[in-house]
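1. show me how the following folds:
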Amino acid sequence: MGAVFFYHLTQRPVGETLAMLLHKTQANGWRALVRGSDPQRLAALDDQLWQGPPDSFLAHGLATGEAGDADQPVLLTTQPGNPNGAKCLMAVDGAGVSATEAEDFVRVCILFDGFDPAAVDEARTQWRSLTAAGLAAKYWSEESGRWEMKAESGGAG
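-> The predicted structure is shown next:
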């Protein structure tokens, strides 16, 4: 059963945080699926991930619905499913994650903008829903300038 990590962004933009988490994911030997809610926003994140310094290269691609999606170590998509066999799902920009789906991943990361009240409300709703379904969750904040775990739930189930 997967664990869900919530990342409350207040110091760094989503692209920077996403790149950091993707490097950690790859260091664990896991493939990642990045799910967003807006194709244009995912295209911008795709561009941003290509712009990093050469020593921080992240092989990745935008989902096309073709067979090549399965080969991507990091796949960016707006669609449900897991075409690249990812162990980690990263949800950005309010992309939803169900409890059933979260159980299929080793880790789910939900990144949300701490300055957007709607994003904070959605993250709270997801926290309640996922922990009520029995999933373990951790809430991370960068409010102090570095990442600190502020809350943890072992789940209700």
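2. and the helix or strand where M90 lies, average pLDDT?
-> In the assignment (DSSP states H and E), M90 maps to strand 88-91. For strand 88-91, the mean pLDDT works out to 98.
3. residues in contact with the helix or strand just after it?
-> The first helix or strand that comes after strand 88-91 along the chain, using DSSP H and E, is helix 99-102. Counting contacts by CB atoms under 8 Å, 6 or more residues apart in numbering, the residues outside helix 99-102 that touch it are 2, 4, 80, 89, 108, 129-130, 133-135. To be clear about C-beta, it is placed using only N, CA and C from the backbone, and glycine gets the same treatment.
4. from the chain's centroid, how far away is the helix or strand following helix 99-102?
-> Using DSSP H and E, the helix or strand that follows helix 99-102 in sequence is strand 107-113. In terms of CA atoms, centre = their mean, to the nearest Å, the centre of strand 107-113 is set 4 Å apart from its chain centre.
5. quick one: mean pLDDT for strand 107-113?
-> Rounded mean pLDDT across strand 107-113 is 97.
6. just the strands in this structure please.
-> In the chain, the segments counted as strands under DSSP state E are 3-9, 32-35, 61-62, 74-77, 88-91, 107-113, 136-141, 148-153.
7. distance of the nearest residue to S153 once chain neighbours are set aside from L49?
-> Excluding the flanking residues, the one nearest S153 by CB to CB, 6 or more residues apart in numbering is T131, at 4.4 Å. From T131 over to L49 the distance is 30 Å, taken as CB to CB, to the nearest Å.
8. now do E16
-> Taken as CB to CB, the span from E16 to L49 is 10 Å.
9. more neighbours, the two?
-> Neighbour count, other CB atoms under 10 Å: between E16 and L49, L49 has more, with 21 against 13.
10. pLDDT weak spots in the protein?
-> Applying pLDDT under 70 to the chain flags residues 1, 155-157.
11. returning to that earlier point: tally of neighbours for the residue nearest to S153?
-> Using other CB under 10 Å: T131 sits among 20 other residues.
12. my guess is it meets K138, correct?
-> No - under the criterion of CB atoms under 8 Å, T131 makes no contact with K138, lying 10.5 Å away.
13. is it true that G114 touches F6?
-> No - using CB under 8 Å, G114 is not in contact with F6, being 10.8 Å away.
14. those two: which is more packed in?
-> Neighbours were counted for G114 and for F6 using other CB under 10 Å; F6 has more, 22 against 16.
15. give me the distance between D93 and P54.
-> Distance from D93 to P54, by CB to CB: 28 Å.
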